[in-house]
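Novice: one predicted model, sequence on top.
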Amino acid sequence: MTSEVQQKGKLAKAASYILNIKTTCEKNEALSKIAEQLIIDQDYIIAENAKDLAKGEQQGMPASTLDRIMLNKERVEAMSSAIQLLVELNDPVGSLLERIEKDNGLLIEKRLVPIGVIGMIYEARPNVTVDAATLSLKTGNAVILRGSSSAKFSNIALVASIHRALSKTAIPVDAVQLIEDTNRETVKELFHLKEYLDVLIPRGGKALIDLVVNEATVPVLETGAGNCHIYVDHTADYVKAEKICINAKTQRPSVCNAAESLLIHPDWFKEHGKQLLSAMHQAGVTIIGDATVCQALDFAELATVEDYATEYLDLKISVKIVENVYEAIEHINKYGTNHSEAIITEDQLVADTFLNSVDAAAVYHNASTRFTDGFEFGYGAEIGISTQKLHARGPMGLPALTSTKYFIHGNGQIRE
Ligand SMILES: NC(=O)C1=CN([C@@H]2O[C@H](COP(=O)(O)OP(=O)(O)OC[C@H]3O[C@@H](n4cnc5c(N)ncnc54)[C@H](OP(=O)(O)O)[C@@H]3O)[C@@H](O)[C@H]2O)C=CC1
Ligand SMILES: N[C@@H](CCC(=O)OP(=O)(O)O)C(=O)O
(Lines give C-alpha, C1' and ligand atoms only; values in the text may rest on other atoms or scores of the structure.)
(Ligands and ions follow the chains in the order given, each with its own letter.)
Protein backbone atom coordinates (compact mmCIF):
# COMPACT_ATOMS: atom_id res chain seq x y z
CA MET A 1 0.00 0.00 0.00
CA THR A 2 1.29 3.47 -0.86
CA SER A 3 1.85 5.63 2.21
CA GLU A 4 0.47 9.14 2.72
CA VAL A 5 3.98 10.56 2.24
CA GLN A 6 4.45 8.68 -1.06
CA GLN A 7 1.01 9.67 -2.35
CA LYS A 8 1.40 13.33 -1.48
CA GLY A 9 4.98 13.36 -2.77
CA LYS A 10 3.79 12.12 -6.14
CA LEU A 11 1.01 14.74 -6.32
CA ALA A 12 3.41 17.53 -5.32
CA LYS A 13 5.95 16.50 -7.96
CA ALA A 14 3.30 16.50 -10.69
CA ALA A 15 2.06 19.92 -9.49
CA SER A 16 5.60 21.32 -9.50
CA TYR A 17 5.89 20.77 -13.26
CA ILE A 18 2.68 22.75 -13.82
CA LEU A 19 3.68 25.43 -11.34
CA ASN A 20 7.07 26.19 -12.79
CA ILE A 21 5.54 27.59 -15.97
CA LYS A 22 3.03 29.84 -14.22
CA THR A 23 3.51 33.58 -14.60
CA THR A 24 4.23 35.97 -11.75
CA CYS A 25 0.78 37.42 -12.29
CA GLU A 26 -0.91 34.02 -11.90
CA LYS A 27 1.13 33.27 -8.77
CA ASN A 28 0.33 36.68 -7.28
CA GLU A 29 -3.37 36.25 -7.98
CA ALA A 30 -3.28 32.95 -6.12
CA LEU A 31 -1.45 34.53 -3.18
CA SER A 32 -4.02 37.32 -2.96
CA LYS A 33 -6.81 34.72 -2.98
CA ILE A 34 -5.11 32.88 -0.09
CA ALA A 35 -4.85 36.16 1.85
CA GLU A 36 -8.60 36.74 1.32
CA GLN A 37 -9.59 33.17 2.11
CA LEU A 38 -7.75 33.15 5.45
CA ILE A 39 -9.89 36.09 6.55
CA ILE A 40 -13.08 34.43 5.27
CA ASP A 41 -12.16 31.22 7.15
CA GLN A 42 -10.80 32.84 10.30
CA ASP A 43 -13.54 31.67 12.69
CA TYR A 44 -13.05 28.08 11.56
CA ILE A 45 -9.25 28.38 11.78
CA ILE A 46 -9.42 29.86 15.29
CA ALA A 47 -11.88 27.15 16.40
CA GLU A 48 -9.56 24.40 15.13
CA ASN A 49 -6.60 26.13 16.78
CA ALA A 50 -8.51 26.04 20.08
CA LYS A 51 -8.44 22.21 19.86
CA ASP A 52 -4.61 22.28 19.69
CA LEU A 53 -4.48 24.69 22.63
CA ALA A 54 -6.84 22.53 24.70
CA LYS A 55 -4.70 19.46 23.99
CA GLY A 56 -1.53 21.39 24.86
CA GLU A 57 -3.02 22.62 28.13
CA GLN A 58 -4.07 19.08 29.00
CA GLN A 59 -0.49 17.94 28.38
CA GLY A 60 0.81 20.72 30.65
CA MET A 61 2.62 22.68 27.91
CA PRO A 62 4.40 25.82 29.12
CA ALA A 63 2.71 29.17 28.46
CA SER A 64 5.46 30.18 25.96
CA THR A 65 4.76 27.08 23.82
CA LEU A 66 1.01 27.64 23.97
CA ASP A 67 1.58 31.24 22.91
CA ARG A 68 3.54 30.04 19.85
CA ILE A 69 0.61 27.84 18.83
CA MET A 70 -2.15 30.34 19.61
CA LEU A 71 -4.09 31.99 16.78
CA ASN A 72 -6.52 34.86 17.26
CA LYS A 73 -8.15 37.33 14.89
CA GLU A 74 -5.13 39.62 15.04
CA ARG A 75 -2.67 36.83 14.19
CA VAL A 76 -4.77 35.54 11.29
CA GLU A 77 -4.97 39.11 9.96
CA ALA A 78 -1.18 39.40 10.34
CA MET A 79 -0.72 36.22 8.28
CA SER A 80 -3.03 37.61 5.61
CA SER A 81 -1.22 40.98 5.49
CA ALA A 82 2.16 39.22 5.27
CA ILE A 83 0.90 37.49 2.10
CA GLN A 84 -0.14 40.85 0.61
CA LEU A 85 3.42 42.05 1.24
CA LEU A 86 4.78 38.98 -0.51
CA VAL A 87 2.65 39.82 -3.55
CA GLU A 88 4.42 43.18 -3.77
CA LEU A 89 7.89 41.58 -3.74
CA ASN A 90 9.86 40.92 -6.88
CA ASP A 91 9.52 37.37 -8.25
CA PRO A 92 13.11 36.11 -8.62
CA VAL A 93 12.13 33.30 -11.01
CA GLY A 94 13.45 33.95 -14.51
CA SER A 95 15.99 36.59 -13.42
CA LEU A 96 19.03 36.65 -15.68
CA LEU A 97 22.27 36.09 -13.75
CA GLU A 98 24.74 35.72 -16.61
CA ARG A 99 24.68 36.11 -20.40
CA ILE A 100 27.53 34.71 -22.48
CA GLU A 101 27.73 35.16 -26.25
CA LYS A 102 30.11 32.65 -27.84
CA ASP A 103 32.08 33.24 -31.06
CA ASN A 104 30.07 30.47 -32.70
CA GLY A 105 26.87 32.43 -32.08
CA LEU A 106 25.65 30.36 -29.12
CA LEU A 107 23.88 32.43 -26.50
CA ILE A 108 24.19 31.01 -22.98
CA GLU A 109 21.90 32.46 -20.33
CA LYS A 110 21.95 31.56 -16.66
CA ARG A 111 18.59 32.18 -14.98
CA LEU A 112 16.94 31.59 -11.61
CA VAL A 113 14.40 28.75 -11.65
CA PRO A 114 12.19 27.05 -9.02
CA ILE A 115 13.85 24.24 -7.04
CA GLY A 116 10.86 21.89 -7.60
CA VAL A 117 9.41 20.23 -4.51
CA ILE A 118 10.40 21.50 -1.08
CA GLY A 119 9.84 19.36 2.04
CA MET A 120 9.45 21.22 5.34
CA ILE A 121 9.57 19.75 8.84
CA TYR A 122 8.85 22.49 11.34
CA GLU A 123 8.01 23.54 14.86
CA ALA A 124 4.64 24.15 16.51
CA ARG A 125 3.96 27.56 15.00
CA PRO A 126 0.97 27.64 12.61
CA ASN A 127 2.06 30.80 10.80
CA VAL A 128 5.06 28.84 9.46
CA THR A 129 2.52 26.71 7.53
CA VAL A 130 1.33 29.81 5.70
CA ASP A 131 4.81 31.36 5.30
CA ALA A 132 6.27 28.14 3.87
CA ALA A 133 3.34 27.56 1.50
CA THR A 134 3.24 31.11 0.17
CA LEU A 135 7.01 31.58 -0.20
CA SER A 136 7.11 28.28 -2.09
CA LEU A 137 4.23 29.24 -4.40
CA LYS A 138 5.70 32.66 -5.15
CA THR A 139 8.91 30.98 -6.28
CA GLY A 140 7.06 28.37 -8.36
CA ASN A 141 7.78 25.48 -5.99
CA ALA A 142 5.44 22.81 -4.67
CA VAL A 143 5.75 22.12 -0.94
CA ILE A 144 5.18 19.17 1.36
CA LEU A 145 4.55 20.39 4.90
CA ARG A 146 5.07 18.36 8.03
CA GLY A 147 4.25 20.58 11.00
CA SER A 148 4.34 19.60 14.65
CA SER A 149 1.71 17.24 16.06
CA SER A 150 1.05 19.98 18.64
CA ALA A 151 -0.39 22.23 15.90
CA LYS A 152 -2.11 19.49 13.90
CA PHE A 153 -5.69 20.87 13.89
CA SER A 154 -4.48 24.39 13.10
CA ASN A 155 -2.32 23.18 10.22
CA ILE A 156 -5.11 21.08 8.72
CA ALA A 157 -7.46 24.09 8.89
CA LEU A 158 -4.91 26.45 7.35
CA VAL A 159 -4.06 24.11 4.49
CA ALA A 160 -7.77 23.49 3.84
CA SER A 161 -8.20 27.25 3.56
CA ILE A 162 -5.20 27.51 1.20
CA HIS A 163 -6.68 24.71 -0.93
CA ARG A 164 -10.06 26.46 -1.07
CA ALA A 165 -8.30 29.58 -2.33
CA LEU A 166 -6.13 27.75 -4.88
CA SER A 167 -9.13 25.89 -6.31
CA LYS A 168 -10.32 29.29 -7.63
CA THR A 169 -6.99 30.06 -9.36
CA ALA A 170 -4.64 28.84 -12.09
CA ILE A 171 -2.30 27.31 -9.50
CA PRO A 172 -2.79 23.57 -8.81
CA VAL A 173 -4.22 22.74 -5.39
CA ASP A 174 -1.76 19.84 -5.18
CA ALA A 175 1.14 22.29 -5.01
CA VAL A 176 0.60 22.50 -1.24
CA GLN A 177 0.57 19.18 0.60
CA LEU A 178 0.26 18.63 4.34
CA ILE A 179 1.28 15.35 5.94
CA GLU A 180 -1.55 14.78 8.39
CA ASP A 181 -0.14 11.64 9.99
CA THR A 182 1.95 13.15 12.78
CA ASN A 183 3.61 9.90 13.79
CA ARG A 184 7.34 10.62 13.93
CA GLU A 185 8.05 7.64 11.64
CA THR A 186 6.33 9.48 8.78
CA VAL A 187 8.88 12.28 9.23
CA LYS A 188 11.61 9.77 8.47
CA GLU A 189 9.91 8.80 5.22
CA LEU A 190 10.60 12.34 4.02
CA PHE A 191 14.33 11.74 4.64
CA HIS A 192 14.39 9.27 1.75
CA LEU A 193 11.74 10.62 -0.61
CA LYS A 194 14.30 11.00 -3.40
CA GLU A 195 11.86 10.33 -6.19
CA TYR A 196 9.73 13.37 -5.33
CA LEU A 197 11.64 15.76 -3.07
CA ASP A 198 14.26 18.18 -4.36
CA VAL A 199 15.22 19.54 -0.95
CA LEU A 200 14.26 18.98 2.67
CA ILE A 201 14.30 21.86 5.15
CA PRO A 202 14.20 20.85 8.81
CA ARG A 203 13.31 23.76 11.11
CA GLY A 204 13.53 23.04 14.82
CA GLY A 205 15.87 22.09 17.63
CA LYS A 206 19.35 20.59 17.47
CA ALA A 207 18.09 17.02 17.95
CA LEU A 208 15.86 17.26 14.88
CA ILE A 209 18.54 18.89 12.73
CA ASP A 210 21.19 16.31 13.74
CA LEU A 211 18.78 13.49 12.98
CA VAL A 212 17.98 14.85 9.53
CA VAL A 213 21.58 15.64 8.65
CA ASN A 214 22.74 12.18 9.73
CA GLU A 215 19.96 10.14 8.18
CA ALA A 216 18.51 11.95 5.17
CA THR A 217 19.50 10.81 1.70
CA VAL A 218 17.67 13.74 0.06
CA PRO A 219 19.49 17.10 -0.14
CA VAL A 220 19.06 19.07 3.08
CA LEU A 221 19.00 22.81 3.74
CA GLU A 222 19.89 22.98 7.38
CA THR A 223 18.43 25.58 9.74
CA GLY A 224 19.57 25.54 13.31
CA ALA A 225 19.21 26.35 16.95
CA GLY A 226 20.39 29.79 18.04
CA ASN A 227 22.87 29.95 20.90
CA CYS A 228 23.45 33.64 20.15
CA HIS A 229 25.99 35.83 21.99
CA ILE A 230 26.58 39.51 22.59
CA TYR A 231 30.17 40.59 23.29
CA VAL A 232 30.40 43.92 25.14
CA ASP A 233 33.84 45.39 24.45
CA HIS A 234 35.70 47.86 26.69
CA THR A 235 34.76 50.85 24.46
CA ALA A 236 31.05 49.95 24.37
CA ASP A 237 28.59 52.80 24.83
CA TYR A 238 26.49 52.05 27.93
CA VAL A 239 23.18 53.27 26.54
CA LYS A 240 23.53 51.19 23.37
CA ALA A 241 24.65 48.14 25.37
CA GLU A 242 21.66 48.24 27.72
CA LYS A 243 19.11 48.76 24.96
CA ILE A 244 20.56 46.01 22.77
CA CYS A 245 21.07 43.42 25.54
CA ILE A 246 17.55 43.89 26.92
CA ASN A 247 15.99 43.77 23.45
CA ALA A 248 17.97 40.74 22.30
CA LYS A 249 17.09 38.81 25.46
CA THR A 250 13.57 39.87 26.34
CA GLN A 251 11.66 40.97 23.24
CA ARG A 252 10.78 37.34 22.33
CA PRO A 253 12.86 34.95 24.41
CA SER A 254 11.51 31.79 22.72
CA VAL A 255 12.92 32.48 19.22
CA CYS A 256 16.15 31.28 17.72
CA ASN A 257 17.63 34.79 17.28
CA ALA A 258 17.25 35.76 20.95
CA ALA A 259 20.54 36.25 22.84
CA GLU A 260 21.48 33.43 25.19
CA SER A 261 24.91 34.50 26.39
CA LEU A 262 26.72 37.75 27.26
CA LEU A 263 30.49 38.07 27.11
CA ILE A 264 31.88 41.18 28.80
CA HIS A 265 35.31 42.83 28.80
CA PRO A 266 36.67 43.09 32.41
CA ASP A 267 37.24 46.89 32.31
CA TRP A 268 33.71 47.51 31.06
CA PHE A 269 32.31 45.07 33.60
CA LYS A 270 34.03 46.96 36.47
CA GLU A 271 32.48 50.22 35.36
CA HIS A 272 29.05 49.21 34.07
CA GLY A 273 28.50 45.48 34.71
CA LYS A 274 26.37 45.89 37.82
CA GLN A 275 24.16 48.54 36.19
CA LEU A 276 23.60 46.48 33.03
CA LEU A 277 22.91 43.17 34.74
CA SER A 278 20.66 44.81 37.35
CA ALA A 279 18.64 46.40 34.53
CA MET A 280 18.35 42.98 32.84
CA HIS A 281 17.42 41.35 36.13
CA GLN A 282 14.72 43.98 36.64
CA ALA A 283 13.44 43.17 33.16
CA GLY A 284 12.84 39.64 34.46
CA VAL A 285 16.05 37.96 33.29
CA THR A 286 17.77 35.33 35.45
CA ILE A 287 21.53 35.93 35.38
CA ILE A 288 23.71 32.82 35.26
CA GLY A 289 27.21 34.21 35.72
CA ASP A 290 30.80 33.05 36.07
CA ALA A 291 32.66 33.44 39.40
CA THR A 292 33.51 37.13 38.81
CA VAL A 293 29.90 37.97 38.01
CA CYS A 294 28.58 36.04 41.01
CA GLN A 295 31.06 37.80 43.29
CA ALA A 296 29.85 41.20 42.12
CA LEU A 297 26.11 40.49 42.11
CA ASP A 298 24.11 38.74 44.80
CA PHE A 299 21.25 37.90 42.41
CA ALA A 300 23.45 35.96 39.92
CA GLU A 301 23.52 32.14 39.91
CA LEU A 302 26.77 30.28 39.16
CA ALA A 303 27.18 29.07 35.56
CA THR A 304 28.48 25.63 34.60
CA VAL A 305 30.15 24.74 31.28
CA GLU A 306 26.79 23.32 30.11
CA ASP A 307 25.26 26.76 30.51
CA TYR A 308 27.57 28.15 27.84
CA ALA A 309 26.26 25.53 25.40
CA THR A 310 22.60 26.01 26.33
CA GLU A 311 19.95 27.74 24.25
CA TYR A 312 17.57 28.66 27.09
CA LEU A 313 14.73 30.01 24.91
CA ASP A 314 13.61 31.63 28.15
CA LEU A 315 14.25 34.73 30.28
CA LYS A 316 17.71 33.49 31.28
CA ILE A 317 21.19 34.47 30.13
CA SER A 318 24.70 33.19 30.83
CA VAL A 319 27.34 35.86 31.50
CA LYS A 320 31.11 35.40 31.24
CA ILE A 321 33.97 37.84 31.60
CA VAL A 322 36.46 37.51 28.72
CA GLU A 323 39.86 39.19 28.45
CA ASN A 324 39.41 40.70 24.98
CA VAL A 325 37.77 40.32 21.57
CA TYR A 326 39.99 37.33 20.71
CA GLU A 327 38.78 35.35 23.73
CA ALA A 328 35.21 36.35 22.85
CA ILE A 329 35.65 35.06 19.29
CA GLU A 330 37.20 31.80 20.51
CA HIS A 331 34.35 31.25 22.98
CA ILE A 332 31.68 31.97 20.36
CA ASN A 333 33.28 29.73 17.75
CA LYS A 334 33.36 26.94 20.37
CA TYR A 335 29.88 27.26 21.90
CA GLY A 336 27.89 29.13 19.24
CA THR A 337 25.57 27.56 16.69
CA ASN A 338 26.59 29.67 13.65
CA HIS A 339 23.35 31.66 13.83
CA SER A 340 23.56 35.33 14.97
CA GLU A 341 26.33 37.02 16.97
CA ALA A 342 26.78 40.64 18.08
CA ILE A 343 29.51 42.96 19.30
CA ILE A 344 28.97 46.27 21.08
CA THR A 345 31.95 48.56 20.67
CA GLU A 346 32.87 52.07 19.55
CA ASP A 347 36.17 50.78 18.12
CA GLN A 348 35.75 50.02 14.40
CA LEU A 349 38.91 47.89 14.21
CA VAL A 350 37.75 45.64 17.05
CA ALA A 351 34.34 45.43 15.42
CA ASP A 352 35.89 44.40 12.08
CA THR A 353 37.99 41.71 13.78
CA PHE A 354 34.86 40.31 15.42
CA LEU A 355 32.64 40.49 12.34
CA ASN A 356 35.23 38.78 10.13
CA SER A 357 36.32 36.07 12.58
CA VAL A 358 33.07 34.91 14.13
CA ASP A 359 31.62 31.96 12.21
CA ALA A 360 27.91 32.78 11.97
CA ALA A 361 25.21 33.44 9.38
CA ALA A 362 24.59 36.98 10.66
CA VAL A 363 27.07 39.18 12.57
CA TYR A 364 26.05 42.49 14.13
CA HIS A 365 27.91 45.62 15.22
CA ASN A 366 25.96 47.70 17.76
CA ALA A 367 22.61 46.09 16.94
CA SER A 368 20.32 43.40 18.33
CA THR A 369 20.52 39.77 17.17
CA ARG A 370 16.70 39.85 16.93
CA PHE A 371 16.97 41.30 13.42
CA THR A 372 17.87 37.93 11.86
CA ASP A 373 14.47 37.51 10.30
CA GLY A 374 13.15 37.33 6.74
CA PHE A 375 10.72 40.20 7.18
CA GLU A 376 13.35 42.44 8.78
CA PHE A 377 15.80 41.70 5.95
CA GLY A 378 13.16 42.63 3.35
CA TYR A 379 12.30 39.10 2.14
CA GLY A 380 8.67 39.32 3.29
CA ALA A 381 9.06 36.22 5.45
CA GLU A 382 11.51 33.37 5.79
CA ILE A 383 11.22 29.64 5.34
CA GLY A 384 13.92 29.20 7.98
CA ILE A 385 17.25 30.65 9.04
CA SER A 386 20.04 28.66 7.49
CA THR A 387 23.09 28.06 9.65
CA GLN A 388 24.93 26.18 6.92
CA LYS A 389 27.16 27.70 4.28
CA LEU A 390 26.14 26.13 0.99
CA HIS A 391 23.31 27.36 -1.21
CA ALA A 392 21.83 29.74 1.37
CA ARG A 393 22.90 31.25 4.70
CA GLY A 394 20.81 33.30 7.17
CA PRO A 395 17.10 34.11 6.71
CA MET A 396 15.92 32.24 3.62
CA GLY A 397 13.46 34.33 1.64
CA LEU A 398 12.47 34.13 -2.02
CA PRO A 399 15.95 34.00 -3.64
CA ALA A 400 16.96 31.06 -1.40
CA LEU A 401 14.05 29.03 -2.82
CA THR A 402 15.42 29.10 -6.35
CA SER A 403 18.10 27.20 -8.21
CA THR A 404 19.80 28.12 -11.47
CA LYS A 405 19.57 26.72 -14.95
CA TYR A 406 21.50 27.43 -18.16
CA PHE A 407 19.33 28.25 -21.17
CA ILE A 408 21.35 27.82 -24.37
CA HIS A 409 20.05 29.31 -27.62
CA GLY A 410 21.57 28.21 -30.93
CA ASN A 411 20.80 27.97 -34.62
CA GLY A 412 22.27 24.61 -35.53
CA GLN A 413 25.72 24.80 -33.87
CA ILE A 414 27.55 21.50 -33.19
CA ARG A 415 30.69 20.92 -31.10
CA GLU A 416 33.81 20.35 -33.23
N1 LIG B 1 17.05 28.54 12.45
C2 LIG B 1 15.74 28.61 12.32
O3 LIG B 1 15.22 28.95 11.27
C4 LIG B 1 14.85 28.28 13.44
C5 LIG B 1 15.32 27.56 14.53
N6 LIG B 1 14.47 27.21 15.53
C7 LIG B 1 14.98 26.43 16.64
O8 LIG B 1 14.06 25.39 16.91
C9 LIG B 1 14.05 25.07 18.29
C10 LIG B 1 12.63 25.14 18.81
O11 LIG B 1 11.84 24.26 18.10
P12 LIG B 1 11.15 23.01 18.84
O13 LIG B 1 9.80 23.48 19.22
O14 LIG B 1 12.10 22.48 19.85
O15 LIG B 1 11.02 22.01 17.64
P16 LIG B 1 11.43 20.46 17.57
O17 LIG B 1 12.80 20.35 17.07
O18 LIG B 1 11.07 19.75 18.82
O19 LIG B 1 10.39 19.97 16.47
C20 LIG B 1 10.36 20.49 15.17
C21 LIG B 1 9.64 19.50 14.28
O22 LIG B 1 10.40 18.31 14.13
C23 LIG B 1 9.66 17.17 14.56
N24 LIG B 1 10.61 16.30 15.28
C25 LIG B 1 11.36 16.65 16.34
N26 LIG B 1 12.13 15.60 16.70
C27 LIG B 1 11.86 14.58 15.87
C28 LIG B 1 12.32 13.22 15.75
N29 LIG B 1 13.21 12.72 16.59
N30 LIG B 1 11.81 12.47 14.77
C31 LIG B 1 10.91 12.97 13.92
N32 LIG B 1 10.43 14.23 14.00
C33 LIG B 1 10.89 15.03 14.94
C34 LIG B 1 8.57 17.73 15.45
O35 LIG B 1 7.47 16.89 15.46
P36 LIG B 1 6.48 16.75 16.72
O37 LIG B 1 6.38 18.13 17.34
O38 LIG B 1 5.20 16.30 16.13
O39 LIG B 1 7.08 15.77 17.62
C40 LIG B 1 8.28 19.06 14.77
O41 LIG B 1 7.43 18.89 13.68
C42 LIG B 1 14.97 26.08 18.93
O43 LIG B 1 16.23 25.47 19.07
C44 LIG B 1 15.03 27.21 17.92
O45 LIG B 1 16.21 27.98 18.01
C46 LIG B 1 13.14 27.53 15.48
C47 LIG B 1 12.64 28.25 14.41
C48 LIG B 1 13.45 28.72 13.35
N1 LIG C 1 11.23 34.77 12.24
C2 LIG C 1 11.50 34.81 13.66
C3 LIG C 1 12.77 34.10 14.03
C4 LIG C 1 12.83 32.64 13.70
C5 LIG C 1 11.64 31.83 14.18
O6 LIG C 1 10.70 31.68 13.45
O7 LIG C 1 11.71 31.36 15.42
P8 LIG C 1 10.63 30.41 16.24
O9 LIG C 1 9.69 31.32 16.92
O10 LIG C 1 11.50 29.68 17.17
O11 LIG C 1 9.89 29.55 15.31
C12 LIG C 1 11.45 36.23 14.18
O13 LIG C 1 12.40 36.73 14.76
O14 LIG C 1 10.42 36.81 14.04
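Specialist: Done, it's in. Numbers count the residues shown, from 1 in each chain. Ligands and ions are numbered 1, 2, ... in the order given.
Novice: ok, which residues in the stretch 151-300 of the chain are in contact with ligand 2?
Specialist: 254, 255, 256, 257 (Cβ under 6 Å from any ligand atom). C-betas here are computed from N, CA, C, even on glycine.
Novice: burial of the last one, as a residue count?
Specialist: Meaning residue 257. Residues within reach of residue 257, counting by other Cβ atoms under 10 Å, total 22.
Novice: now do the same for it: helix, strand or coil?
Specialist: With DSSP: H, G, I helix; E, B strand; the rest coil as the basis, the three-state label of residue 257 is coil.
Novice: now it. Its backbone dihedrals?
Specialist: Dihedral angles phi and psi of residue 257 (degrees, to the nearest 10) take the values phi -100, psi 10.
Novice: burial count for the residue lying closest to it once chain neighbours are set aside?
Specialist: The spatial neighbour of residue 257 that comes closest, neighbours along the chain excluded (Cβ to Cβ, 6 or more residues apart in numbering), is residue 372 at 4.2 Å. Residue 372: 25 surrounding residues under other Cβ under 10 Å.
Novice: hang on, the earlier thing: among the residues of the stretch 151-300 of the chain next to ligand 2, who's most crowded?
Specialist: Taking other Cβ under 10 Å as the neighbour criterion, residue 256 ranks highest of those with 26 neighbours.
Novice: what sits against it?
Specialist: Taking Cβ atoms under 8 Å, 6 or more residues apart in numbering, we find residue 256 in contact with 223, 224, 225, 226, 228, 311, 339, 372, 385.
Novice: next: residue 53.
Specialist: For residue 53, the contacting residues are 66, 69, 70, taking Cβ under 8 Å, 6+ apart as the criterion.
Novice: against ligand 2, how distant is the last one?
Specialist: Taking Cβ to the nearest ligand atom, to the nearest Å as the measure, residue 70 falls 13 Å from ligand 2.
Novice: identify the residues contacting that residue.
Specialist: 49, 53.
Novice: where does it land on pLDDT?
Specialist: We note a pLDDT of 97 for residue 70 in this prediction.
Novice: residue 32 too?
Specialist: What the model reports as pLDDT for residue 32 is 98.
Novice: three-state assignment of it?
Specialist: When the structure is split into helix, strand and coil by three-state DSSP, residue 32 lands in helix.
Novice: and the closest residue in space to it that isn't next to it in sequence, what are its phi and psi?
Specialist: Nearest residue to residue 32, sequence neighbours excluded (Cβ to Cβ, 6+ apart): residue 87, at 5.8 Å. Note on residue 87: backbone dihedrals following degrees, to the nearest 10 are phi -60, psi -40.
Novice: touching, residue 87 and residue 33? I think so.
Specialist: No: assessed by Cβ atoms under 8 Å, residue 87 is found out of contact with residue 33, at 10.5 Å.
Novice: buried stuff in the one helix or strand in the chain whose mean pLDDT sits lowest?
Specialist: The least trusted helix or strand in the chain, going by mean pLDDT, DSSP states H and E, turns out to be helix 63-69, with a mean of 90. Buried residues in helix 63-69, counted by 16 or more other Cβ atoms under 10 Å: 65, 68, 69.
Novice: is it anywhere near ligand 1?
Specialist: No: Helix 63-69 stays out of contact with ligand 1 when judged by Cβ under 6 Å from any ligand atom, the minimum separation being 7.3 Å.
Novice: ok, back up a step: adding distance to residue 61, pLDDT and secondary structure, write the contacts of residue 256 out as TSV.
Specialist: Conversion of the contacts of residue 256 to TSV gives the following (distance: Cβ to Cβ, whole Å; pLDDT from 0 to 100; DSSP: H, G, I helix; E, B strand; the rest coil):
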residue	distance to residue 61	pLDDT	secondary structure
223	22	94	strand
224	23	90	coil
225	19	94	coil
226	21	96	coil
228	24	98	strand
311	18	96	coil
339	25	98	coil
372	26	98	coil
385	24	97	strand
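Novice: ok, and of these, which contact ligand 1?
Specialist: 223, 224, 225, 226, 311, 385.
Novice: need the contact list for the fourth one.
Specialist: Neighbour list for residue 226: 255, 256, 257, 258, 260, 311, 337, 339, 340, 369, 372, 385 [criterion: Cβ under 8 Å, 6+ apart].
Novice: same list (the buried residues of helix 63-69) but as JSON lines, adding distance to residue 160.
Specialist: Rendered in JSON lines, the data for these read as follows (distance: Cβ to Cβ, whole Å):
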{"residue": "65", "distance to residue 160": "24"}
{"residue": "68", "distance to residue 160": "21"}
{"residue": "69", "distance to residue 160": "18"}
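Novice: with respect to residue 401, which of these is nearest?
Specialist: Taking Cβ to Cβ as the measure, residue 401 sits nearest to residue 68 out of these, at 23.6 Å.
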